[in-house]
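Enquirer: Attaching a predicted model along with its sequence, questions to come.
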Amino acid sequence: MSKFANVIVDISHEKLDKTFQYIIPKELENAIEIGMQVKIPFGPRFITGYVIETTDEAEYDFTKLKPIAGVVQDAIGIESQLISLASWIKRNYGGTFNQALKTVIPVKQKQNHIIKKILVLTIDKQYALEQLSIFEKKHYTAKARLLKELIEHQQIEQTIVTRKLNVSTTVIKGFVENGFIRIDELTTYRNPVSKLKAKGYNLVLNEDQQKVVDTIQQSIIKDIHKTYLLKGVTGSGKTEVYMELIDHIIKKGKQAIVLIPEIALTYQTVMRFYNRFNDKVSVMNSKLSPGERYDQFERAKNGDISIMIGPRSALFTPFNNLGIIIIDEEHESSYKNETIPKYHTREVAIYRAKKNNAVVVLGSATPSIESYYKAQKGEFKLVELNKRVAEKPLPTCEIIDLRQELKVGNRSILSYKLQYLIEDRLRKKQQIMLFINRRGLAGFVSCRSCGEVIKCPHCDVSLSQHGNGKLMCHYCGYTIPMPRVCPSCSSKYIAGFRAGTQKIEEMVKKRFPSARVLRMDFDTTRRKDSYEKILSAFSNQEADILIGTQMIVKGHDFPNVTLVGVLAADLSLNSSDFRGAEKTFQLLTQAAGRAGRGEELGNVIIQTYEPDHYAVKLASQQNYEEFYEKEISYRNLMRYPPIWNMLVVMCSSKNEKVSEKVSESISNILHGKIVGMENIQIIGPTDASISKINDTYRKVIYIRAKYYDNLIFLKDYIEKYARDNKEFSRAIIQFDFNPVSG
Ligand code: ADP
Ligand code: ZN
Ligand code: ZN
């Protein structure tokens, strides 16, 4: 029995980022375990903390140590495995131990289990059918929807009725009062997977898919860790490969984590897994309540489920015997956590898998330059699916030079060719997707007389024009009415500049008045489920044209889409981001992949001001390999990742002088520290690309080094220096290794 426990205190502040030692009192000797949340005296108060180590040696003056006051009853007893993962994250990405722990153990407090309400049909089928036809005649659509579903399934969960069927509780109450249904209550774990339509599974892998499965199976059989990069065009059957592998994993009594970018995590995707593996599957997403998340983790620990599907946080599912981690769309930038610690899901997944002798499969049609580079070097094993299932041909892709359009007098955002094709598809009753690269870049308001751009007073970004005539800051939410005259020169020639999604919608409606148009962007998807609703409406062919940001590039399969227009391909090229070309290539390739998923052949039109840029050109040819060669030689030349490594040190403060002073000091001590070190470079301090957010001033220092370990060494040094020096107390210092956002 150990005598002392090292406890990390549950307060997120740099200065408290160390462990405190406590005596383990006799009565708790058997209760204390690594990872447990405990109550401890701390100064005059009692607070909670995590036990991260137990030991027999007192590190401090024994007589001054205090005893642990008790165990926090409702806390999850996290595995030491996850604690060691947290410590690895802290070491590799910076931040406090607490921040790392909170990343790994997102839910601490146990929630009460919910009572599930089940609606059960109590009238006989004949009578129900009669009532249904009455409802339908009278156009009581909600009542009809509910009754139809009940006739089919006999019973349904209430939440499904209200959320998925969109039937109000008033209607449900009415059904109870009329004696149509009774409501049973069931105490259970929350299960976010709907049981509405589990269909079963019968599908045989084709030869290419089977070959990939066999290759990866070699590691699974032998229980050895390996990372595979599955490069497969969209529609080549990657998801089926994942499921087949998971099947093998489950038969071995192991568990699987499937990571999907939040935006691609659709009901359809989940149903595919559910149809095959039933209630062995659970889902996580940002819309789950803390209670639902807690329950999913409990179910994982208890062995109720074997497969967790979700965005990056699902990586920390506490499975005891993890066999595989799949990262679909592995190139997606959402796999980088953008709060502290700024970890990359791919790297953490590989670390966790290594510890578990588990396999990692990274899937993508357009692998990240990082992963392809590692595959080239032999660190990952490359496996490929080069054909679409059923040999559906890839769509034909054409680049339109917008500068030429202007020369022939076309000032519309739609080129003549695109207009012609839209007309053609409308006539053929086929569907069209119009894709605009980025929401934030479009829609800013400027004065044509003096050039003034209207900016947010709290952030160094321009305000964007929204419906209802207001201007809004996307970083802090600051909103003002659209000014009538320029605030700087009082000219009335003030207007929105480039077209945003709303503007395009208006223009398209004007140009094609008979077309039914849907728009999907940040504004139209703010409400829960609205994302799904728009996509399913389009999928049900309730609209002819879908206009949107990158959101529309992922997710659903739309077999009737035969034309995809990319309205301005270059918006993401002209950012300060060294990954600009890579992101453009990925977006264009994926947008193109949306066309011609059904029987009809598809057309893709890419409009651009830079038709000769290699990212645009090679994306139109779907030529990944050549793009990779060009891009990697650029990275090599510039010593950008993945050839070298980069660390961004951000110093921010509400006080501009403090942010300047602190960043200067860091730069100075760094220059002192790297004397004699090779293959290392320090740039800055300079203003961050957004130099002010929420009245906080931001300075950055870039460190480039060939070896990652050198960067960790410097990070540790800065952290220590910041702890020991008073001037740093008014600044916040954050680290970003190999940044993903520009
Ligand atoms: P990806 O994940 O690479 O985009 P999917 O796994 O979604 O590809 O497959 C694309 C479509 O082809 C899906 O509708 C899927 O059900 C179907 N499919 C995949 N593999 C097969 C197969 N072996 N036989 C028949 N249909 C398949
Ligand atoms: Zn002006
Ligand atoms: Zn702002």
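Expert: Great, that's in hand. Ligands and ions are numbered 1, 2, ... in the order given.

Enquirer: Contacts for stretch 618-627, please.
Expert: With contact meaning Cβ atoms under 8 Å, 6 or more residues apart in numbering, stretch 618-627 is reached by 231, 233, 366-367, 394, 397-399, 584-585, 588-589, 592, 604, 606, 614-615, 630. (Glycine included, C-beta is placed from N, CA and C.)

Enquirer: export the helix or strand hosting Tyr127 as PDB, just CAs?
Expert: For Tyr127, the host element (DSSP states H and E) is helix 125-137. The C-alpha coordinates for helix 125-137 follow below in PDB (Å, rounded to 0.1, in the frame of the first residue of the first chain):
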ATOM      1  CA  LYS A 125     -54.200  -2.300 -37.100                       C
ATOM      2  CA  GLN A 126     -57.500  -2.100 -39.000                       C
ATOM      3  CA  TYR A 127     -58.700   0.800 -36.900                       C
ATOM      4  CA  ALA A 128     -55.300   2.500 -37.100                       C
ATOM      5  CA  LEU A 129     -55.400   2.300 -40.900                       C
ATOM      6  CA  GLU A 130     -58.900   3.800 -41.000                       C
ATOM      7  CA  GLN A 131     -57.700   6.700 -38.800                       C
ATOM      8  CA  LEU A 132     -54.600   7.100 -40.900                       C
ATOM      9  CA  SER A 133     -56.700   7.600 -44.100                       C
ATOM     10  CA  ILE A 134     -58.800  10.200 -42.200                       C
ATOM     11  CA  PHE A 135     -55.700  12.100 -41.100                       C
ATOM     12  CA  GLU A 136     -54.400  12.000 -44.600                       C
ATOM     13  CA  LYS A 137     -57.600  13.300 -46.100                       C
END
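
Enquirer: who's in contact with that helix?
Expert: For helix 125-137, using Cβ under 8 Å, 6+ apart, the contacting residues are 121, 123, 141, 143-144, 147-148, 150-151, 180.

Enquirer: Give me the buried entries from the contacts of stretch 618-627.
Expert: Using 16 or more other Cβ atoms under 10 Å as the burial test, the contacts of stretch 618-627 include 231, 233, 366-367, 394, 397, 399, 584-585, 588-589, 592, 604, 606, 614-615, 630 as buried.

Enquirer: Go through those residues and flag which are in helices.
Expert: 584-585, 588-589, 592, 614-615, 630 (DSSP state H).

Enquirer: neighbours around the nearest residue to Cys489 once chain neighbours are set aside, how many?
Expert: Closest residue to Cys489 apart from its sequence neighbours, by Cβ to Cβ, 6 or more residues apart in numbering: Cys450 at 4.2 Å. Residues lying near Cys450 (other Cβ atoms under 10 Å) number 13.

Enquirer: just Asn410 next, same as before
Expert: The number of residues packed near Asn410 is 14, by other Cβ under 10 Å.

Enquirer: Secondary structure class of the closest residue to ligand 3 within the stretch 201-350 of the chain, three-state.
Expert: Residue nearest to ligand 3 within the stretch 201-350 of the chain (Cβ to the ion): Glu338, separated by 16.9 Å. Secondary structure assignment for Glu338 (DSSP: H, G, I helix; E, B strand; the rest coil): coil.

Enquirer: tell me the contacts of it?
Expert: Ser741.

Enquirer: For it, give me the backbone phi and psi.
Expert: For Glu338, the backbone dihedrals (degrees, to the nearest 10) come out as phi -100, psi 10.

Enquirer: Distance check, it against Pro739.
Expert: Distance check for Glu338 against Pro739: by Cβ to Cβ, to the nearest Å, it reads 9 Å.

Enquirer: secondary structure class for the residue of the chain most remote from its centre?
Expert: Distance from the C-alpha centroid of the chain peaks at Thr63, with 49.5 Å (Cα atoms, centre = their mean). Assigned with three-state DSSP, Thr63 falls in the helix class.

Enquirer: Model confidence for it, exactly?
Expert: Thr63 carries a pLDDT score of 80 in this model.

Enquirer: Give me the pLDDT for the residue of the stretch 201-350 of the chain closest to ligand 3.
Expert: 89.

Enquirer: Also Leu245?
Expert: pLDDT, read off for Leu245, is 98.

Enquirer: Correct me if wrong: it contacts Asp214.
Expert: No - checked against Cβ atoms under 8 Å, the pair Leu245 and Asp214 is beyond contact range at 10.5 Å.

Enquirer: what about these two, which has more around it?
Expert: Leu245 (23 against 11).

Enquirer: ok, the more buried one - contacts?
Expert: Contact analysis of Leu245 by Cβ under 8 Å, 6+ apart lists 213, 216-217, 220, 256, 324, 326, 359, 361.

Enquirer: which among the residues you listed end up buried?
Expert: By neighbour count, with 16+ other Cβ under 10 Å, the contacts of Leu245 hold 213, 216, 220, 256, 324, 326, 359, 361 as buried.

Enquirer: Local confidence estimate at the second one?
Expert: In this case it means Ile216. With respect to pLDDT, Ile216 scores 98.

Enquirer: tell me which element the residue lying closest to it once chain neighbours are set aside falls in.
Expert: Nearest-residue entry for Ile216: Tyr228, 5.4 Å, with adjacent residues in sequence omitted and distances by Cβ to Cβ, 6+ apart. Assigned by DSSP H and E, Tyr228 belongs to strand 226-232.
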